[in-house]
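K.L.:
How does the following fold in three dimensions:
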Amino acid sequence: MESLILHGHYDPRLVALSCAIAVFASFASLNLAGRIRSSGGTARLAWLGGAAVALGGGIWSMHFVAMLSLSMPVTVSYEFWWTAASMLLAILAVAAGYALIAFGSLQPARLLLAGLVTGVGVAVMHYSGMAAMIMRATISYDRTLFIASVLIAVTAAAAALWLSFRLQGLMMKLGASVIMGAAIAGMHFTGMAAATFQLCLTADPLVADGLDPRLLAVTIAGATFMILSLGLASALFDQRLAQQALADAEKLTRSERRFRALVSASSDIIAVLDAEGRVVYDSPAVKQILGYGKDTLIGRPFAELAIPEDEDAASGLIRRLLEDRADRVSGEIRCRAQSGATVDLEFVGINRLDDPDVGGLIVNLHDITDRNRVADELRSAKARAESANESKSKFLANISHELRTPLNAIIGFSEVLKAQSLGPAGDERYVGYAEDIYRSGKYLLTVINSLLDYTRAESGHLRLENILVDPMAEARICLRLFEEQVAAKMLDLQIAPVTEDFMLMLDRGKLRQVLNNLISNAVRFTPDHGRVMLAARLTPERACEIIVEDNGIGMTEAEIAAALQPFNRLDLSRGLDGGSLGLPMAKALVELHGGRLEISSTRHSGTLVKIVLPGDRVKYVAAADRPTQGTIRLVAKS
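P.N.:
Okay, here's the model as predicted:
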């Protein structure tokens, strides 16, 4: 058997096509591989499979397009199983390399191992594809070029894997695809340069049937179309994902800027603690409140910020946060500032350990040092005021007792002189003087008693004797004291009829004291021929209103407020003055019964005063039982 070396030539168009396929396959693979490490679960496997099919299938397509570009003076066909096995080998080799990198780190040793596995796999694919050739010739290889082709395959594979997981951006991927495509083509044509084809001269050549080059061309066209479609789809999808990622990143950046601006502008300290209670983040307000610089507190246990007396309280708040992950936890702690001063802080915390965006305990600390200082001062002032008020009440009670003792003697002796119990006075003027002394003494005793009652009411020491009282009957009794003044001024005195049968549970003496004051003011400040009206009625809420109304000189809002202040005398008009203890005493006695005193008045148009008593003091009675003498039968009314 003799043999001759065969020489072939390449079709430049098909060579260019093979290189283009290698470049485009590299581009598709780079786009798909870039998603492998950023995905998880089945999605990661899907991206890995797509990248392996794109690059492995692309290398296989490039190989056989390049083989078809070679024309030799013998008929060539391809054995089916070897051809199919070469494609599978290429895909599996690339998948193995991607898996080594995707599920591990990009350390040089691991990268070299992945490049070796992939490169050897690609080289095996190339030479198994060469072995699939069926022709009247044998193939031998130059050892040096053979080794060179394998090294090129390993180097190209390592570079491809590294670039797949490193590059970002379309232009960088395009540049890397050109480099990778050139390396794949270089590996292929180096391997082809290593091959020597020798014609077999036999009498009866045996050439087995294989794949027709035209059928192989169709197969390669289909595989290439699949790879091109995969690459185009991956490019479009990658662009869409990149745009979405860019938009999300911009939103995240804006949100982060907004968050930082809000936190920086907050006057409260915002801190994040880990599960051990250590500070992992603190806001800029920590500088202005506690005086600590940036990151000074990072890593320190939060409880250490509290003064020694409050460390247990701070630790307790953290424990409550860890134990109860739903509710907010609040409290107060005192912390030591960097200057050594003690700062009172209001603590509000919430557990966000399960939130992947936070992963910690969020704590808000509000400076309440000034608020607590003011509250302490107010409490001290209140205590001092209460003590002073108590001292005043005791002083007034003592002085009232001291004044009443000689005053009672003055009143008693003036009454003896007035009645001439020991014989004629000798001069009628003495009797008149005794009358003046008696009247002045009685008025002074009334003032002293009112002063004592007012201080008792103000301090809450005045006690009520609650009995059933007919308010209008008491009003009529009080009016008898002013009959002379009413007649002298020719006033129109009106008493409105009561439309419902009710009585009040209250202190009769205190009610008379209030009514006497209000009627006295109405008569005194109503001009001649004026009108004074008294009424009692129930409101829709079943409270009781006792009304004293006149059309006298009236008061402004400022004068009403002044008249309700004790020991404040008003010069209303024409020498008439009002105030002192009358209205303040009436107001205090009404409030002692749980009611309120309402005054509405207009200058020169009169005054309306309401005694409003709560519904629980209203008791309904039978009409026949309204007289206050004898047994009173109560009736129920809705």
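K.L.:
Only C-alpha atoms from now on, for both contacts and neighbour counts.
P.N.:
Will do.
K.L.:
Run a quick neighbour tally on the nearest residue to G291 once chain neighbours are set aside.
P.N.:
With C-alpha to C-alpha, 6 or more residues apart in numbering as the criterion, G291 has its nearest non-adjacent residue at 5.4 Å, and that residue is Q338. Using other C-alpha atoms under 10 Å, Q338 has 14 other residues around it.
K.L.:
can you check R258 too?
P.N.:
Neighbours of R258 using other C-alpha under 10 Å come to 12.
K.L.:
repeat for I59
P.N.:
That count, for I59 with other C-alpha under 10 Å as the rule, works out to 31.
K.L.:
Against G97, how distant is the residue lying closest to A90 once chain neighbours are set aside?
P.N.:
Of all residues not flanking A90 in the chain, G56 sits nearest, at 4.6 Å (C-alpha to C-alpha, 6+ apart). Noted for G56: a distance of 11 Å to G97, by C-alpha to C-alpha, to the nearest Å.
K.L.:
More neighbours: those two, which one.
P.N.:
Neighbour totals were compared for G56 and G97, and G56 leads with 31 against 26 (other C-alpha under 10 Å).
K.L.:
Wait, that one touches Y98, no?
P.N.:
No: contact criterion C-alpha atoms under 8 Å: G56 and Y98 do not qualify, at 11.2 Å.
K.L.:
Could you check how many residues crowd around E377?
P.N.:
12.
K.L.:
Helix, strand or coil: sort out it for me.
P.N.:
helix (DSSP: H, G, I helix; E, B strand; the rest coil).
K.L.:
separation between it and D370?
P.N.:
With C-alpha to C-alpha as the criterion, E377 and D370 are 10 Å apart.
K.L.:
Common neighbours of those two, please.
P.N.:
With C-alpha atoms under 8 Å, 6 or more residues apart in numbering applied, the contact sets of E377 and D370 do not overlap.
K.L.:
what about P356, which SS state?
P.N.:
coil.
K.L.:
and what of the one 10 residues further on?
P.N.:
Secondary structure of H366, reduced to three states by three-state DSSP: strand.
K.L.:
Any idea what it is bridged to?
P.N.:
In this entry, H366 is beta-bridged to E346, by DSSP bridges.
K.L.:
so it touches D268, yeah?
P.N.:
Yes: the criterion here is C-alpha under 8 Å, and H366 meets it with D268 at 4.9 Å.
K.L.:
Need phi/psi at the residue nearest to A90.
P.N.:
Backbone torsions of G56, given as degrees, to the nearest 10, read phi -60, psi -50.
K.L.:
gap between it and T118?
P.N.:
G56 is 10 Å from T118, by C-alpha to C-alpha.
K.L.:
got any residues that touch both of the two?
P.N.:
By C-alpha under 8 Å, 6+ apart, G56 and T118 have these common neighbours: A93, V94.
K.L.:
after the lowest-mean-pLDDT helix or strand in the chain comes which helix or strand?
P.N.:
The helix or strand of the chain with the lowest confidence, counting by mean pLDDT, DSSP states H and E, is strand 576-580 at a mean of 51. Using DSSP states H and E, the helix or strand that follows strand 576-580 towards the C-terminus is helix 582-592.
K.L.:
Would you mark the buried spots in stretch 108-123?
P.N.:
Across stretch 108-123, burial judged by 16 or more other C-alpha atoms under 10 Å covers 110-123.
K.L.:
scratch that, stretch 11-20
P.N.:
Buried-residue list, stretch 11-20, by 16+ other C-alpha under 10 Å: L14, V15, A16, L17, S18, C19, A20.
K.L.:
Same check on stretch 173-189?
P.N.:
Neighbour-count burial for stretch 173-189, with 16+ other C-alpha under 10 Å as criterion, is recorded at 173-174, 176-189.
K.L.:
Ok, stretch 504-511 next?
P.N.:
For stretch 504-511, by 16+ other C-alpha under 10 Å, it's L504, M505, L506, D507, R508, K510, L511.
K.L.:
how long is stretch 549-560 from one end to the other?
P.N.:
With C-alpha to C-alpha, one end of stretch 549-560 sits 15 Å from the other.
K.L.:
Could you check how far R110 is from F103?
P.N.:
Counting by C-alpha to C-alpha, the gap from R110 to F103 is 11 Å.
K.L.:
what helix or strand does the closest residue to W162 other than its chain neighbours sit in?
P.N.:
In space, and not counting its chain neighbours, W162 is closest to L111: 7.2 Å by C-alpha to C-alpha, 6+ apart. Assigned by DSSP H and E, L111 belongs to helix 108-131.
K.L.:
Looking at that helix now, give me its mean pLDDT.
P.N.:
The average pLDDT within helix 108-131 is 76.
K.L.:
elements contacting it?
P.N.:
With contacts taken as 3 or more C-alpha pairs under 8 Å, 6 or more residues apart in numbering; DSSP states H and E, helix 108-131 sits against helix 41-68, helix 80-102, helix 143-166.
K.L.:
check contacts around the nearest residue to V154 once chain neighbours are set aside.
P.N.:
Counting by C-alpha to C-alpha, 6+ apart, V154 lies nearest to G119, which is 3.7 Å off, once chain neighbours are set aside. Contacts for G119 (C-alpha under 8 Å, 6+ apart) come out as A93, V150, L151, I152, A153, V154, T155, A156, A157, A158.
K.L.:
burial measure for the last one, as a count.
P.N.:
The local packing count at A158 equals 24, with neighbours defined by other C-alpha under 10 Å.
K.L.:
give the contact list for the residue nearest to it when sequence neighbours are not counted.
P.N.:
Spatial nearest neighbour of A158, chain neighbours left out: G115 (3.9 Å); criterion: C-alpha to C-alpha, 6+ apart. G115 makes contact with G97, V154, T155, A156, A157, A158, A159, L161 under the criterion C-alpha under 8 Å, 6+ apart.
K.L.:
Let's see if you can find the most crowded of the residues you listed.
P.N.:
Counting by other C-alpha under 10 Å, top hit in those: A157 with 30 neighbours.
K.L.:
quick one: it and T118 touch, right?
P.N.:
Yes: at 5.8 Å, A157 and T118 qualify as touching, with contact defined as C-alpha under 8 Å.
K.L.:
any idea where the strands of the stretch 201-350 of the chain begin and end?
P.N.:
Secondary structure of the stretch 201-350 of the chain (DSSP state E, counting those that start in this stretch): strands at 269-273, 279-282, 329-336, 342-352.
K.L.:
rewinding a little: tabulate the contacts of G115 (a markdown table), appending pLDDT and distance to I495.
P.N.:
Formatted as a markdown table, the contacts of G115 follow (pLDDT from 0 to 100; distance: C-alpha to C-alpha, whole Å):
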| residue | pLDDT | distance to I495 |
| --- | --- | --- |
| G97 | 73 | 110 |
| V154 | 80 | 119 |
| T155 | 80 | 118 |
| A156 | 74 | 116 |
| A157 | 71 | 114 |
| A158 | 75 | 113 |
| A159 | 74 | 112 |
| L161 | 66 | 108 |
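K.L.:
Show me which of those is closest to Y281.
P.N.:
The nearest member of these to Y281, counting by C-alpha to C-alpha, is L161 at 38.7 Å.
K.L.:
Could you save the contacts of G115 as CSV and add columns showing distance to L462?
P.N.:
Below are the contacts of G115 laid out as CSV (distance: C-alpha to C-alpha, whole Å):
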residue, distance to L462
G97, 98
V154, 106
T155, 105
A156, 104
A157, 102
A158, 100
A159, 100
L161, 96
